[in-house]
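Trainee: Need a 3D model of the sequence below.
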Amino acid sequence: MAAEYKRSFRMYSAWNYMQEVEDLNKMSDEGWQLVRGGCFHSKFVRNPDIRYRYQLDYQKIDDMARYIEIFREQGWEYVNSTFNGWHYLKKLYDPALPDEAYEIFTDRESLREMTGRWTRFATILGVFFGIMAIIEAFRVITAPNLPRLIQLFTLIIESGLLLRGAFIMRRTEPGQKLRHDSLILGIFFACIFIGAASNIILDDMRPNLNTQQQADEVFEPIIENRWVDFDVKYPDNYYLDLMIKADEPLTFEIVNEADEVVYTETGTDVDKKDIRIKLPRGSYGFRMSVNSGFELSCSID
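Mentor: Predicted coordinates:
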């Protein structure tokens, strides 16, 4: 008879790891034994004839064979490890044994050491995201647009949750379970996913237009020549880089679909970067007027 498997997609925060341990034990009592544990999903096999008790450990392992052997000598069986350093262990359950027989840490100091390893990692990562958020905040202040604003909020959420987790793991009693933490974690990952996806989509929808025009000599005046069009798919701040070199004044314009001028610049020697232009959704074009030889380069994003 083929083995029966099932998957669980529950998420657990590192600082609430004992909730995952408790849920794994309940699954075992119901006849579902862990095959592979994971950060976002776990796989179980149906076997109601045995029961296990599970534990989680967090540390960097240099000698995995020795690590597995140490726990095997204490009656623990290694299940698997996750990419971010968590290790799943199980031991056959004997109701006659006390609860202490299913602890992998025999004293509070060793448990504190294990949680401290994750706390240090989370603090470093949280501070890193915090610094990135400060840098992004400066960009939002100096050159605001929607993708940068979304990126800022995403970094703030990432930094805030990691630092919150580090604080919780440092301050709470080791092994303490937190109510509603899975809901908070789910909201966190939803915000991260939606924020990242929105940022990628919005950035891809921006014009990202770069164009050049040049003539060493103009034999007759060029009047309001519209040479390139682009679409703005959502209202936002857009940024223009403009370079003009001309013998006589050249007029550069951005016009909308009604041929109304939304930006204009006239000169013989212009070199401007990140000109902020607020544009509604619609179709636009670059237009110029000039009577002499010129070189024009412009880009908008």
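Trainee: For the chain, which segments count as strands?
Mentor: 5-8, 32-36, 42-46, 52-58, 77-81, 86-92, 209-215, 222-232, 236-256, 261-279, 282-290, 294-300 (DSSP state E).
Trainee: Of those, which is nearest Arg120?
Mentor: strand 52-58 (10.9 Å; Cβ to Cβ). Placement of C-beta: from N, CA and C, glycine included.
Trainee: what is the orientation angle of that closest one with strand 86-92?
Mentor: 160 degrees (axes from the mean of the first three to the mean of the last three Cα atoms, to 10 degrees).
Trainee: Run through the neighbouring helices and strands of strand 52-58.
Mentor: helix 17-29, strand 32-36, strand 86-92, helix 108-142 (3 or more Cβ pairs under 8 Å, 6 or more residues apart in numbering; DSSP states H and E).
Trainee: ok, back up a step: between the strands of the chain, which one is closest to Thr142.
Mentor: strand 261-279 (8.4 Å).
Trainee: Let me know which of the helices and strands packed on strand 52-58 is tucked in deepest.
Mentor: strand 86-92 (a mean of 20; mean count of other Cβ atoms under 10 Å).
Trainee: For that strand, give me every contacting residue.
Mentor: Under the criterion Cβ atoms under 8 Å, 6 or more residues apart in numbering, residues 14, 17, 33-34, 36-37, 39, 50-59, 61, 67, 71, 75-81, 101-102, 104 lie in contact with strand 86-92.
Trainee: Show me which of those residues are buried.
Mentor: Using 16 or more other Cβ atoms under 10 Å as the burial test, the contacts of strand 86-92 include 14, 17, 33-34, 37, 51-58, 67, 71, 76, 78-79, 81, 102, 104 as buried.
Trainee: where in the stretch 51-200 of the chain is pLDDT low?
Mentor: 106-111, 171-180 (pLDDT under 70).
Trainee: buried ones in stretch 2-12?
Mentor: For stretch 2-12, the neighbour count (16+ other Cβ under 10 Å) marks Ser8, Met11, Tyr12 as buried.
Trainee: now do stretch 161-171
Mentor: Leu161, Leu162, Leu163, Arg164, Gly165, Ala166, Ile168, Met169.
Trainee: would you list the residues you listed in TSV and tack on distance to Tyr239?
Mentor: Converted to TSV, the buried residues of stretch 161-171 look like this (distance: Cβ to Cβ, whole Å):
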residue	distance to Tyr239
Leu161	31
Leu162	32
Leu163	33
Arg164	35
Gly165	37
Ala166	37
Ile168	41
Met169	42
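Trainee: Out of these, which sit inside helices?
Mentor: Judged by DSSP state H, the subset of the buried residues of stretch 161-171 located in helices is Leu161, Leu162, Leu163, Arg164, Gly165, Ala166, Ile168, Met169.
Trainee: Pull the contacting residues for the first one.
Mentor: Under the criterion of Cβ under 8 Å, 6+ apart, the neighbours of Leu161 are Gly126, Ile184, Leu185, Phe188.
Trainee: Give me the buried entries from these.
Mentor: Gly126, Leu185, Phe188.
Trainee: I'd like those residues written out as a markdown table, with distance to Ala96 added.
Mentor: Below are the buried ones among the contacts of Leu161 laid out as a markdown table (distance: Cβ to Cβ, whole Å):
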| residue | distance to Ala96 |
| --- | --- |
| Gly126 | 44 |
| Leu185 | 36 |
| Phe188 | 42 |
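Trainee: wait, which of those residues is closest to Ser28?
Mentor: Comparing these against Ser28 with Cβ to Cβ places Leu185 closest, at 23.0 Å.
Trainee: Next one, pLDDT for Cys39 please.
Mentor: With respect to pLDDT, Cys39 has a value of 79.
Trainee: my guess is it contacts Gly85, does it?
Mentor: No - using Cβ atoms under 8 Å as the test, Cys39 is too far from Gly85 to be in contact (10.4 Å).
Trainee: The closest residue to Thr268 other than its chain neighbours and Arg226: what is the separation?
Mentor: Distance criterion Cβ to Cβ, 6 or more residues apart in numbering; nearest residue to Thr268, sequence neighbours excluded, is Ala246 at 4.9 Å. Separation of Ala246 from Arg226 (Cβ to Cβ, to the nearest Å): 18 Å.
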